[in-house]
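Chemist: Build me a model from this:
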Amino acid sequence: MALVRPASESDRTRTLDLIADAFADDPVVRWFFPDDATYPARAAAFFGFLFDVRLAVDGAWVTDRGEAAALWSPPSEGSLEWEERSWDVVAAELASDEIERCDRWDAAIAPHHPEAPHWYLGVLATAPVHQGRGFGPAVAQPGIDAARAAGLPAFLETGVERNVALYERMGFVVTGLVDDPDLPPGWCLRRD
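Modeler: Numbering: from 1, shown residues only. Below is the predicted model:
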């Protein structure tokens, strides 16, 4: 099985390429960024922000050969000022309708997050050529273990229905749905 280790800054480029490729057909991400011509740049900016934020809180793990990556947010007391400034920089690279779609999705998911402190799996990506080989569950495991050790739940959402079964095998349970005709469908899952 793959060696899973904490990500470092030196993993950034390879990890962003992996995530952009893995999410190229994701219904939610492509709803955010539907233009094929601008998707690579938008994905690099958006996922670069998510990578940097998770790396700063020791919430990023990768497989050693770059097959998969997991970006977790551990519980915190609130958003750090530098995170907000970083998002402002990314937002300057996005179109206003793209920002609006990101905000609408976040608003739809927010009520489903556990009210208590929890670990949030914001991104789990496996390179398409390596999917179905166990890399995703392996790279997600350190965050699951950290949540369990702290006695906290883990939470995630997906816009890909076939991913629900994968997450259920990892111990997650569907706790909510995004069922708004103006948004892509989504499944919210929790692991206690």
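Chemist: In this protein, where is pLDDT below threshold?
Modeler: By pLDDT under 70, the weakly predicted segments of the chain are 1, 77-82.
Chemist: C-terminal to the longest helix along it, what's the next element?
Modeler: The single longest helix within the chain, with elements called by DSSP state H, is helix 39-56. Using DSSP states H and E, the next helix or strand after helix 39-56 towards the C-terminus is strand 60-63.
Chemist: Neighbouring strands - and their directions - for that next one?
Modeler: Note on strand 60-63: by DSSP bridges, its sheet partners are strand 4-6 (antiparallel), strand 68-73 (antiparallel).
Chemist: Columns mean neighbour count on top of those, output as TSV?
Modeler: C-betas here are computed from N, CA, C, even on glycine. Output for the strands paired with strand 60-63, formatted as TSV (neighbours: other C-beta atoms under 10 Å):
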stretch	mean neighbour count
strand 4-6	15
strand 68-73	26
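Chemist: In TSV, list those along with distance to residue 59.
Modeler: Shown next, in TSV, are those (distance: least, C-beta to C-beta, whole Å):
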stretch	distance to residue 59
strand 4-6	9
strand 68-73	4
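Chemist: which residue is nearest the middle of the protein?
Modeler: residue 123 (1.8 Å; C-alpha atoms, centre = their mean).
Chemist: how about residue 173, phi and psi?
Modeler: phi -130, psi 140 (degrees, to the nearest 10).
Chemist: For residue 154, see how far away it is.
Modeler: Note on residue 173: its distance to residue 154, by C-beta to C-beta, to the nearest Å, is 11 Å.
Chemist: Which one of the two is surrounded by more residues?
Modeler: residue 154 (25 against 12; other C-beta atoms under 10 Å).
Chemist: quick one: the strands in this protein?
Modeler: Under the criterion DSSP state E, strands of the chain are mapped to 4-6, 60-63, 68-73, 119-126, 154-158, 173-178, 186-191.
Chemist: Let me have these in CSV, adding distance to residue 105 as columns.
Modeler: Formatted as CSV, the strands of the chain follow (distance: least, C-beta to C-beta, whole Å):
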stretch, distance to residue 105
strand 4-6, 28
strand 60-63, 21
strand 68-73, 16
strand 119-126, 12
strand 154-158, 9
strand 173-178, 8
strand 186-191, 8
